[in-house]
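Enquirer: give me coordinates for this.
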Amino acid sequence: MDFPVLSLVTFLPMAGLPLVLLIPRRLPGTVKGLTLAIMLVTFLVSLKLYFGFDPDQAGMQLVEDHAWIGTSIHYKVGVDGLSLLLVLLTTFLAPIAYLGAWTSIQEKVHEFAASLLVLQTAMVGTFLAMDLFLFYVFWELMLIPMYLIIGVWGGERRIYATLKFVLFTMAGSILMLVAILFLYFKSGGDTFDYSVWVSIFTGEGTVGQLSKLEQVLCFLAFALAFAIKVPLFPLHTWLPDAHVEAPTTGSVILAGVLLKMGTYGFLRFAIPFFPDAAALLSAPLMGLSVVGIVYGALVAFAQEDVKKLVAYSSVSHLGFVMLGMFALTPEGVSGSILQMVNHGLSTGALFLCVGFLYERRHTRLMEQFGGIARVMPVFTAVFVLVSLSSIGLPGTNGFVGEFLILTGVFREGIGSVIEPGNLLSWRNLVLVLGIVATSGVILGAVYMLTMVRRMMFGPITVEKNRSLTDLNLREVVVILPVLAFIVIIGIAPGLFLDKTRASVDEYVRTWQPRIMQARNEATARRNDEVREQIIRMQVLNALQGGGQATNLEGLKWYVVPPEEQGGNHE
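Expert: Modelled structure (predicted):
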C-alpha cells in the first residue's frame, strides 16, 4: 500500500487540534508554538508532493480512493498539475500568516489556533477532492473557521463584514449543491466521482448526457458559487469589508488561498463538466473579468485606507486569472495557474506589511504616513519590492504570470488581425478584451506607485512616525520566505511551470476543440441570422425602390472569419 501523503497533508493540521486544545489557557505561548510547529511539519510533508510529482504525467497522481458513505460516496483525493501549486501555496502561507499575527492575537488564543488548523484542512481538502460530495464538504467547512476568524478577532465592523461574507458565500453554495444533486441523479445515482462525471456529461456513452439547457443551468449554478469566491465583478462587494475587518492572518489567508477556490473551481469543474455552456458564456465571463480588471484598479486608486486598496487590487488581479483561463490556450491556462500563486504571495505579503504598520500606528489611512523610509528603511525596501511584484515588474513573479496570460489571450485573438473587418468574430472580441485588459497593468502601476510614494517617501508629516521602529527579527523571518519566492518565480519560473505543463497541455487539448466547436456553431448561427436580416432589408429596399436586390455573395467574409463558419452556410 502506498504511503497516503495526500491524506497526511490534508488532515495533519486537524489531527494536531486535540493537542492544542489540551494545553492549559495559562500557557498561550505554548499554544502558539505547538500550532506553528504543526503547520511547519505539514509544509515539510507537502514538499514530498513537489519532489515526488511526475511532471510528464498529465493525469491524477498519488490517488487515494476508499468507500466512505455507502457505495456512492467515496473519500477520493488526488493531485495533478492544476492543483499541485495551490496545495503547496496553502501549506506555505499558513504558518507565515500565523506567525505574522503572533503578537496581535492575545485573546482566545486556543480558539484562534483551532480555527486556523481546521481552515487549513478544509482548504487543502478542497484542492485535492476528486469526489463531488467530498469537495462540497470541504468547500462548506472553510466557511465556519473564516466566519469565526473575522467575526471574533476582526475590527469594529466585524459582525457586518462576517454576515455579508457568509450570506454571499452561502447563496452561491446552495445553488451549487442543488446542481450537484441534479448531476448525481442524472449520472445514474450511483457515484459522485469526478472523472466518471466528466466522461458521462461530455459525451462518452449515452446515459446522463446533458442537454444544452441543462448544461447552461448547471454551469450558472456552479459559476455563481465560484464567481462569488473569486470574486468576479459585480459579486465582489463582500471582499473589501471582509479584508478591512479581518485580522492580518485572516486577510493573508483570504487573499492568498480562499479566493483561489473560485478560480480553481472554474478550471476544475465548471469548464470540464459543461463545455458547451462554457463556450456560450465564456464571452460574458471574460467581459466581466476585464471590467473587474479596470474597475478594481480605478477604485483601488481612489482609496485612502491602504488595506482597502489592496483588497480592491485583488478584484483587478484575479480578473487576469479568469481572462487567461477562458482564453483556453496553453499560455493562458498555465499563466492563470501561476498567477493564482503569484497573487497569493504578493498580496499576502502586502497584507503582512500593512499589519506590521498597523501594530505600530493603529491606523491604515495613507494620510497618516509619509516619509516612512527615513525611519524604517528595511520595511520600505520590503514594501517597495512587494509592490513592484504586484504590478508585474520584470524579474518578479507578477511579470511572468501576467505576461503568459496576455500572451495566451492575444494568441487566441490574433486571427482577427490576419483577417480584419470581421466585427462579429470571437477572435475580435478576445483581441479587444486583451487590449483593454492591458490597461489594467498600467492602472495597477499608477495606484501601487502612488501608494508607495505617499506612504514611504517625502517628508515626515506626522510627528508620531519619527519614533517608529523598523522590522524586528520575527517580522523579517515572516516576510523573507515570501520575498524569496517572489524573486525565484520571477527569475526561474520553469521550476513551477514545468510541474503544470503536462496537465495544462492535456487540459487544452481536451477542452479547447470542444469549446471552439460550440463557439463556431453559435457564431455560424449568428452569422446566418445577420445575413438573413440584411437580405430581407436589401430585398425590401429593392422592391420599394423598384430595383433588384444587391448580390450578397461573400457577405459572410465581413461577418465572421472562414474558419469560424462552422460548416457551409451559403
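Enquirer: which residues touch Leu298?
Expert: Contacts for Leu298 (C-beta atoms under 8 Å, 6 or more residues apart in numbering) come out as Leu443. All C-beta spots, glycine's among them, are computed from the backbone N, C-alpha and C.
Enquirer: can you tell me the helix or strand for it?
Expert: helix 275-301 (DSSP states H and E).
Enquirer: could you do Asp65 as well?
Expert: Per DSSP H and E: strand 61-69 holds Asp65.
Enquirer: one more: Thr71?
Expert: Using DSSP H and E, no helix or strand contains Thr71.
Enquirer: cool, and the one 4 residues further on?
Expert: Tyr75 is part of strand 73-79 when elements are defined by DSSP H and E.
Enquirer: need the pLDDT of Lys5.
Expert: Just so we're on the same page, residue 5 is Val rather than Lys. In this model, Val5 is scored at 92, pLDDT.
Enquirer: before we move on, what about Leu495?
Expert: Leu495 is given a pLDDT of 92.
Enquirer: check contacts around it.
Expert: 488-489.
Enquirer: next: Leu404.
Expert: 324, 331-332, 334-335, 338-339.
Enquirer: again, only using 7 Å
Expert: Going by C-beta atoms under 7 Å, 6 or more residues apart in numbering, Leu404 touches 331, 334-335, 338.
Enquirer: lowest-scoring secondary structure element of this protein by mean pLDDT?
Expert: When the helices and strands of the chain are scored by mean pLDDT, DSSP states H and E, helix 415-418 comes last with a mean of 46.
Enquirer: so what does whichever helix or strand comes after that one touch, helix or strand wise?
Expert: Beyond helix 415-418 on the C-terminal side, the first helix or strand identified by DSSP H and E is helix 426-456. Applying 3 or more C-beta pairs under 7 Å, 6 or more residues apart in numbering; DSSP states H and E, we find helix 426-456 packed against helix 275-301, helix 306-327, helix 377-390, helix 397-413, helix 415-418.
Enquirer: if we use 10 Å, what do you get?
Expert: Counting contacts by 3 or more C-beta pairs under 10 Å, 6 or more residues apart in numbering; DSSP states H and E, helix 426-456 is packed against helix 275-301, helix 306-327, helix 330-361, helix 377-390, helix 397-413, helix 415-418, helix 494-545.
Enquirer: can you give the distance from the first one to the centre of its chain?
Expert: When you say that, I think you mean helix 275-301. The chain centroid and the centroid of helix 275-301 are separated by 13 Å under C-alpha atoms, centre = their mean, to the nearest Å.
Enquirer: what do you get for the third one?
Expert: When C-alpha coordinates are averaged (C-alpha atoms, centre = their mean), helix 330-361 and its chain have centres 11 Å apart.
Enquirer: check stretch 95-114 too.
Expert: For stretch 95-114, the distance to the chain centre is 25 Å (C-alpha atoms, centre = their mean).
Enquirer: then stretch 364-381?
Expert: That offset, for stretch 364-381, works out to 30 Å (C-alpha atoms, centre = their mean).
Enquirer: any weak-confidence spans in the stretch 351-500 of the chain?
Expert: 413-426 (pLDDT under 70).
Enquirer: and stretch 166-182, what's its mean pLDDT?
Expert: Mean predicted confidence for stretch 166-182 is 91.
Enquirer: stretch 327-338 now?
Expert: For stretch 327-338, mean pLDDT rounds to 91.
Enquirer: how is the chain partitioned into domains?
Expert: 1-258, 274-519, 534-570 (automatic domain parsing).
Enquirer: so Pro95 touches Ser46, yeah?
Expert: No - judged on C-beta atoms under 10 Å, Pro95 makes no contact with Ser46 at a distance of 11.3 Å.
Enquirer: not counting residues beside it along the chain, what's closest to Pro481?
Expert: Distances taken as C-beta to C-beta, 6 or more residues apart in numbering put Ile96 closest to Pro481, at 6.5 Å, once the chain neighbours are dropped.
Enquirer: got it, and Ile491?
Expert: Gly395 is the one closest to Ile491 (C-beta to C-beta, 6+ apart), at 6.5 Å.
Enquirer: that concludes my questions; thank you for your assistance.
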